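K.L.:
Coordinates for the following, if possible.
(chains A and B)
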Amino acid sequence: MEELTLDKSSDEDRILRIWTPILLRTILIAASIILLTGLFLMLTSAPGFYVERYHAAQQANFVEREPFITMIWMAAHGYPHALLTVGLFVLTLVPLARVAFCFLLFIKKSDYAYVGFTAYVLVGLIVGVLLGRIG
Amino acid sequence: MLEILGGLLALAFGAGMVGALSGLGGGVFIVPALMIVAHMPMAVAVGASLVSVVATSAGASVAFVRDGWTNLKLAMVLECATVTGAVAGAVLAGLIPAVVLEILFALMMLQSAFFSVRKQDDELIAHGDSIARRLDLVGEVPDQTGKPVHYEIVNLISGSSLMVVAGLMSGMLGIGSGALKVMAMDYFMHVPLKVSSATSNFMIGVTAGAGALVFLARGDVSTAVAAPVALGVTIGALVGSRILPNANVRILRMIFVVILVLIAIEMGWRALNGI
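P.N.:
Model (predicted):
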């Protein structure tokens, strides 16, 4: 019985050590490309808008709370500000994607204690978004 | 725009590099840098810092996970505590007066400075407590001869309690709270120091991510600031981690401790004088 547990555990560990770095690196590169594209387009097409936003941040006089679907649509059409917003969201999705991957792996391996831990973290991250929207 | 962008990138690059060289991460340096040099309010600095901490954690974790230094299962258990603290901290950050946050930040910098100078010896435990064993929280580290040594974990509950505090500080102050996390694992749970550092680095992504999601959803992240800061800190951290193996770590740590104490004094002074 104990041997079986150890085998399952080492197999999980092996999969996590192979796939976690790939997942982290891929999303990090994707987010960096989106952010660089956004900054480049901002620099070439709307530098005044950027300066205005920067000074608004210094005065704490801004709220960037446009609906995410709108932002994705605008990013797809090359709006630099939307690209920056989407890039930052993709960046914060790195840990979310990693935890979701672990959650699915633990379900597959029937390791229910860790299904519980990862589910708790996922719910915590989602609750964070909801509290941010309300607050 | 080019001057502003270049200035932010340079500032973030420097903070990321110093964060990697000191082993304390970028957050503890980027928040005061944005406040003191770029004249940003604390809320803006914290929002930008949280996003960039996610990026540096992801970048730095890759090698540690691949090489087996990160205790992945321990990270997943402790992340329950840090996420709880981080979400609560990020929500509280919108309610607590800035002066209180600035004083807390100064205190956290002093804690990081203390952590950097204290004596660090591994006290490995061969038999962990029952809850840690049931959760398979064990591992191996090489000793000085390269021979693998088995370790187990104790005091999971008290370590987790400190992780809630680390998460709370992260969400409120925009830092990774790496120094507090490593202390909790090293002091309370007897996790080997290098495993503690690698595991803390891995967990920082989720902790800061939880705080960053609250800030982003609330509309408190300025994209004009956070985007170049995230890029600059990430590149700076990569460069810093490349320089680190050839650097005199002991002298560097001492220099950074002095810098940390000076910034803590400056932050405390600004808070008390309402600047």
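K.L.:
tell me the centre residue of chain A?
P.N.:
A:Leu93 (0.9 Å; Cα atoms, centre = their mean).
K.L.:
How about the secondary structure of it?
P.N.:
Look at A:Leu93: counting by DSSP: H, G, I helix; E, B strand; the rest coil, its state is helix.
K.L.:
What's the separation between it and chain B?
P.N.:
Distance of A:Leu93 to chain B, given as Cβ to the nearest Cβ, to the nearest Å: 8 Å. Every C-beta, even on glycine, is put in place using the N, C-alpha and C of the backbone.
K.L.:
residue contacts, that residue?
P.N.:
Shown in contact with A:Leu93 (Cβ atoms under 8 Å, 6 or more residues apart in numbering or on different chains): A:Ile27.
K.L.:
And it, what's its pLDDT?
P.N.:
The per-residue pLDDT reported for A:Leu93 equals 87.
K.L.:
so where is the chain shaky, pLDDT-wise?
P.N.:
Because you didn't say which chain, this covers chain A. Scanning chain A for pLDDT under 70 picks out the ranges A:1-9, A:135.
K.L.:
Wait, chain B was what I had in mind.
P.N.:
B:23, B:119-122, B:249, B:274-275.
K.L.:
which residues of it fall in strands?
P.N.:
With DSSP state E as the criterion, chain B has strands at B:138-142, B:148-152.
K.L.:
Quick one: closest of the ones you listed to chain A.
P.N.:
strand B:138-142 (9.2 Å; Cβ to the nearest Cβ).
K.L.:
Now do the helix ranked longest in chain A and strand B:138-142, the angle between them.
P.N.:
Secondary structure of chain A per DSSP state H: the longest helix is helix A:2-45. On the basis of axes from the mean of the first three to the mean of the last three Cα atoms, to 10 degrees, helix A:2-45 is oriented at 70 degrees to strand B:138-142.
K.L.:
what's downstream of helix A:2-45, the next helix or strand?
P.N.:
Once the chain leaves helix A:2-45, the next helix or strand it forms, by DSSP states H and E, is helix A:47-58.
K.L.:
Return the set of buried residues in that next one.
P.N.:
Neighbour counts over helix A:47-58 (16 or more other Cβ atoms under 10 Å in any protein chain shown) mark A:50, A:53-54, A:56-58 as buried.
K.L.:
ditto for stretch B:154-163
P.N.:
Neighbour-count burial for stretch B:154-163 flags B:154-156, B:159-160, B:162-163 (criterion: 16+ other Cβ under 10 Å).
K.L.:
Could you single out the most deeply buried of the strands of chain B?
P.N.:
Comparing the strands of chain B by mean neighbour count (mean count of other Cβ atoms under 10 Å in any protein chain shown), strand B:138-142 comes out on top with a mean of 17.
K.L.:
Tell me how far the residue most central in space within chain B lies from chain A.
P.N.:
Chain B has B:Gly176 as the residue nearest its centroid, 2.7 Å off, counting by Cα atoms, centre = their mean. B:Gly176 sits 12 Å away from chain A, going by Cβ to the nearest Cβ.
K.L.:
so that residue touches B:Ser170, yeah?
P.N.:
Yes - counting by Cβ atoms under 8 Å, B:Gly176 does reach B:Ser170; the two are 6.2 Å apart.
K.L.:
show me the contacts for the closest residue to B:Leu92 other than its chain neighbours.
P.N.:
In space, and not counting its chain neighbours, B:Leu92 is closest to B:Met172: 5.8 Å by Cβ to Cβ, 6 or more residues apart in numbering or on different chains. B:Met172 makes contacts with B:46, B:89-90, B:92-93, B:96, B:101, B:104, as judged by Cβ under 8 Å, 6+ apart.
K.L.:
now those as CSV including neighbour count?
P.N.:
Conversion of the contacts of B:Met172 to CSV gives the following (neighbours: other Cβ atoms under 10 Å in any protein chain shown):
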residue, neighbour count
B:Val46, 32
B:Gly89, 28
B:Ala90, 33
B:Leu92, 15
B:Ala93, 26
B:Ile96, 13
B:Leu101, 21
B:Leu104, 17
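K.L.:
If we check chain B, which of the buried residues of helix A:47-58 are in contact?
P.N.:
A:50, A:53-54, A:56-58 (Cβ under 8 Å from any Cβ of the partner chain).
K.L.:
Spatially, which two of these are the most separated?
P.N.:
Maximum pairwise distance in these, criterion Cβ to Cβ, is 13.0 Å, between A:Tyr50 and A:Gln58.
K.L.:
So which bits of stretch A:56-74 are buried?
P.N.:
Under 16+ other Cβ under 10 Å, the buried positions of stretch A:56-74 are A:56-58, A:62, A:64, A:71, A:74.
K.L.:
and these, which two are the farthest apart?
P.N.:
Going by Cβ to Cβ, the pair spanning these furthest: A:Gln58 and A:Met74, at 24.6 Å.
K.L.:
Export only the CA atoms of the helix or strand where A:Val129 lies, formatted as CSV.
P.N.:
In this assignment (DSSP H and E), A:Val129 forms part of helix A:112-134. Taking C-alpha atoms only, helix A:112-134 is exported to CSV below (Å, rounded to 0.1, in the frame of the first residue of the first chain):
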residue,chain,number,x,y,z
TYR,A,112,-7.8,14.0,-3.2
ALA,A,113,-6.0,15.8,-0.4
TYR,A,114,-4.1,17.9,-3.0
VAL,A,115,-7.2,18.2,-5.2
GLY,A,116,-8.6,20.0,-2.1
PHE,A,117,-5.6,22.2,-1.5
THR,A,118,-5.4,23.3,-5.2
ALA,A,119,-9.2,23.8,-5.4
TYR,A,120,-9.0,26.1,-2.3
VAL,A,121,-6.2,28.2,-3.9
LEU,A,122,-8.2,28.4,-7.2
VAL,A,123,-11.3,29.5,-5.4
GLY,A,124,-9.2,32.0,-3.4
LEU,A,125,-7.9,33.6,-6.6
ILE,A,126,-11.5,33.8,-8.1
VAL,A,127,-12.8,35.3,-4.9
GLY,A,128,-10.1,37.9,-5.1
VAL,A,129,-11.3,38.9,-8.6
LEU,A,130,-14.9,39.1,-7.4
LEU,A,131,-14.0,41.1,-4.3
GLY,A,132,-11.9,43.5,-6.5
ARG,A,133,-14.9,44.0,-8.7
ILE,A,134,-17.2,44.7,-5.8
